[in-house]
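S.K.: only geometry, no sequence info:
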């Protein structure tokens with residue numbers, strides 16, 4: 001009975017957002033458990049602010065590491081957890097309490113996501129040396145491109161999908177956390193690994209763009225047929 005109840009809760013709080021990411025099952029269970037424990041005085045806007053603060057902490061970690069010592073990058077792990085907590089629970093809390101604001105939440109979510117990636121990218125640029133700073137710019141561009149694709153997909157399908165295949169925001173956060181740990185153990189490795197991440201994001205965005213163009217072309221053909 002409890003298992004069926006938990007499944008019903010998961011379906012209810014994720015009914016507006018299909019997920020395909022690798023950690024989908026575990027993440028949804030964690031979120032469904034957490035939203036039931038959020039105090040009544042905390043609302044979705046507060047959680048959004050908490051998520052933003054986590055990304056600010058990540059940027060601060062980069063800045064402190066550049067001024068003092070590399071191990072301070074580990075503060076970024078805390079920042080990414082706070083970011084995940086606020087960003088993952090804000091909209092889901094609204095659906096759990098049955099008070100969703102679809103258009104307001106969508107607008108706020110997109111805006112905060114864009115501000116957050118700029119903040120994190122700025123922190124990386126402060127930390128990086130020489131031409132490696134360009135990777136921070138590249139990461140912001142790739143993420144911005146991904147956001148545009150998500151908005152385009154929403155326009156075409158009326159579904160706001162935040163995952164690209166098996167990769168979602170949570171997986172990206174975990175990858176970056178791994179890069180930070182590796183940088184602490186092997187100083188200088190972050191630059192090369194970040195270059196790989198940007199290159200992968202570029203390829204993924206190219207593939208998604210081609211898929212969306214084909215989908216858009218199919219819709220155009222169907223409209224002409226009618």
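M.R.: That came through, no problem. None of the values given here were measured: they were computed from a predicted structure.
S.K.: centre-most residue in the chain?
M.R.: The centroid of the chain falls nearest to residue 169 when counting by C-alpha atoms, centre = their mean (3.1 Å).
S.K.: OK, contacts around residue 65?
M.R.: Residue 65 is in contact with 71, 72, 73, 127, counting by C-beta atoms under 8 Å, 6 or more residues apart in numbering. Every residue, glycine included, has its C-beta placed from N, CA and C.
S.K.: grab the nearest non-local neighbour of residue 167.
M.R.: In space, and not counting its chain neighbours, residue 167 is closest to residue 21: 6.4 Å by C-beta to C-beta, 6 or more residues apart in numbering.
S.K.: model confidence for the one you found, exactly?
M.R.: pLDDT recorded at residue 21 is 80.
S.K.: do I have it right that it meets residue 27?
M.R.: Yes: assessed by C-beta atoms under 8 Å, residue 21 is found in contact with residue 27 at 7.2 Å.
S.K.: anything in contact with each of the two?
M.R.: Shared contacts of residue 21 and residue 27, counting by C-beta under 8 Å, 6+ apart, come down to residue 170.
S.K.: and the gap between the nearest residue to residue 114 once chain neighbours are set aside and residue 224?
M.R.: Nearest residue to residue 114, sequence neighbours excluded (C-beta to C-beta, 6+ apart): residue 147, at 6.5 Å. Distance from residue 147 to residue 224, counting by C-beta to C-beta, to the nearest Å: 30 Å.
S.K.: turn the contacts of residue 65 into a markdown table, columns for pLDDT and neighbour count.
M.R.: Shown next, in a markdown table, are the contacts of residue 65 (pLDDT from 0 to 100; neighbours: other C-beta atoms under 10 Å):
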| residue | pLDDT | neighbour count |
| --- | --- | --- |
| 71 | 96 | 13 |
| 72 | 97 | 18 |
| 73 | 97 | 24 |
| 127 | 95 | 25 |
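S.K.: any idea how far the residue nearest to residue 114 lies from residue 113?
M.R.: Taking C-beta to C-beta, one finds residue 147 at 7 Å from residue 113.
S.K.: can you check residue 123 too?
M.R.: For residue 123, the distance to residue 113 - C-beta to C-beta - is 16 Å.
S.K.: and these two? Which one has more around it.
M.R.: The residue with more neighbours, out of residue 123 and residue 113, is residue 123; 25 against 21, by other C-beta atoms under 10 Å.
S.K.: quick one: name whatever helix or strand follows the helix or strand hosting that one.
M.R.: Residue 123 belongs to helix 102-127 when assigned by DSSP states H and E. Once the chain leaves helix 102-127, the next helix or strand it forms, by DSSP H and E, is helix 134-157.
S.K.: what's in contact with that next one?
M.R.: With C-beta under 8 Å, 6+ apart, helix 134-157 has contacts from 110, 113-114, 117-118, 121-122, 124-125, 128, 159-162, 164, 191, 194-195, 197-198, 201-202, 204-205, 208-209, 212, 215-216, 219.
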